[in-house]
Each structure stands twice: as structure tokens, then as C-alpha cells.
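Trainee: here is a sequence together with a model predicted from it:
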Amino acid sequence: MSRIGKRPVPVPKDVTVQVKGNSISVKGPKGELARALHPAMQLVLADGQVVVNRPNDEPASKALHGLSRTLVANMIEGVAKGYEKVLEIQGVGYKAEANAKGLTLSLGFSHPVSYPAPAGIKFTVDNNTVVRIAGPSKELVGQVAAEIRSIRRPEPYKGKGVRYQGERVRRKAGKTGAK
């Protein structure tokens with residue numbers, strides 16, 4: 001059996017889980033998520049735990065077994081605690097502002113770039129340069145962070161741009177002037 005897939009997912013007290021066939025919906029204090037898993041995987045809710053079962057020992061089933069269990073665990077953790085990614089903006093004049101519709105970024109372009117907030121995602125900005133992206137879905141939080149970072153990636157010469165908190169950017173030496 002898959003080492004990850006065979007472990008049951010415990011359900012916290014403040015989270016409700018509904019299983020219908022191969023689809024699961026999870027509701028908790030941080031939000032609500034629903035997902036349909038692969039038809040071959042079977043979900044069982046018993047004794048405050050969700051167990052994922054696979055039909056056979058083929059390699060594809062083994063891979064789906066671990067994946068399905070991890071997706072369910074991420075959903076339950078997301079609605080219970082939530083997920084957060086932190087982005088840092090570096091560069092003279094580069095800044096971000098959170099508004100009701102999403103995020104407005106000034107990143108050295110001739111115009112401000114607006115990024116609309118997807119459903120369930122919340123932006124907070126500290127000191128105009130630290131953007132916190134929070135939400136119950138691990139996938140969506142990571143995708144939004146990657147899309148915002150891709151607007152102006154950190155460049156290797158001066159290090160200006162949007163980066164993940166703690167990300168190290170390899171720096172290159174610039175041109176040496178002719179003497």
C-alpha cells in the first residue's frame with residue numbers, strides 16, 4: 001500500500017465533511033471547499049476520519065491513492081487553519097495596495113497593474129512592500145502567488161521585482177566598464 005495513502009485523515013471537531021461517491025465537500029471556520037476525486041478512488045467517512053481506498057495494486061492506482069489522500073488532507077487543513085503565502089516587493093518606487101476588488105501593483109511599468117482577487121482569497125499589504133495571500137485552498141493560494149510573482153520576476157542584476165519571502169535570488173555581476 002501507499003505509505004501516504006493508507007493513513008486516515010483525522011477530521012477536527014469544527015470541520016464537517018460530506019462524502020458522496022468520489023466527491024467530497026468540507027466546511028469549516030475558514031471557508032468551504034468541494035472536489036471530485038478520481039472515480040477509481042473510494043472515500044469512506046468513519047469514526048471522525050476520512051479513509052481513501054484504492055481498487056488494485058497497479059502503479060497508476062498507487063499514485064492516485066497517495067494523491068487523493070493528500071488532496072483530502074489539504075482541504076481539511078485549509079478550512080480548519082487556512083493557508084498563507086507571503087510575497088516581498090523590492091525596488092525603488094515598487095509598491096502594492098490592497099483594495100476591495102483585489103490588488104493594485106506599481107512595478108515600474110508605465111501603468112499600475114491590477115490583479116482581481118479570486119473567490120476565497122484575501123490580500124493584506126504591510127508597509128506597501130509585503131503582500132500576504134490567504135485562503136482555504138492550498139492550490140489557489142499558491143497559484144495566485146505565482147501569478148503575482150510572474151508580473152515582475154526578480155531580475156538577477158539588481159534583484160528588483162516580486163519574490164517569495166525568504167527566496168534567494170542569484171545575482172550576476174554587471175558589465176565592467178572599459179578603461
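Mentor: That came through, no problem. Everything numeric here is computed off the predicted structure, so don't read it as measured data. Numbering: from 1, shown residues only.
Trainee: where is the longest strand in this protein?
Mentor: Across the chain, the longest stretch assigned as strand under DSSP state E is strand 83-90.
Trainee: let me know the average pLDDT across it.
Mentor: Mean per-residue pLDDT for strand 83-90: 96.
Trainee: which neighbours does that strand have in its sheet, and in what orientation?
Mentor: strand 130-135 (antiparallel), strand 161-164 (antiparallel) (DSSP bridges).
Trainee: can you list contacts of it?
Mentor: Applying C-beta atoms under 8 Å, 6 or more residues apart in numbering, the external contacts of strand 83-90 come out as 77, 95-96, 105, 107, 128-138, 141-142, 144-145, 148-149, 154, 159-165, 167. (Each C-beta comes from the backbone N, C-alpha and C, glycine too.)
Trainee: in it, what's buried?
Mentor: For strand 83-90, a neighbour-count test (16 or more other C-beta atoms under 10 Å) marks 83, 85, 87, 89 as buried.
Trainee: with just CA atoms, put that strand into CSV.
Mentor: Provided in CSV are the C-alpha atoms of strand 83-90 (Å, rounded to 0.1, in the frame of the first residue of the first chain):
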residue,chain,number,x,y,z
TYR,A,83,-3.0,28.7,4.1
GLU,A,84,-0.9,31.8,3.5
LYS,A,85,1.9,32.8,1.1
VAL,A,86,4.0,36.0,1.6
LEU,A,87,5.5,38.0,-1.3
GLU,A,88,8.1,40.7,-1.0
ILE,A,89,8.4,43.6,-3.4
GLN,A,90,11.9,45.1,-3.9
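Trainee: moving C-terminal of it, what's the next helix or strand?
Mentor: Going down the chain from strand 83-90, the next helix or strand is strand 95-98, by DSSP states H and E.
Trainee: roughly how far out does that next one sit from the chain middle?
Mentor: Put simply, strand 95-98 sits 20 Å off its chain's centre (C-alpha atoms, centre = their mean, to the nearest Å).
Trainee: how about the helices in this structure?
Mentor: 59-80, 138-151 (DSSP state H).
Trainee: let me know which of those helices is the nearest to Leu45.
Mentor: Nearest to Leu45 among the helices of the chain is helix 59-80; the distance by C-beta to C-beta comes to 10.2 Å.
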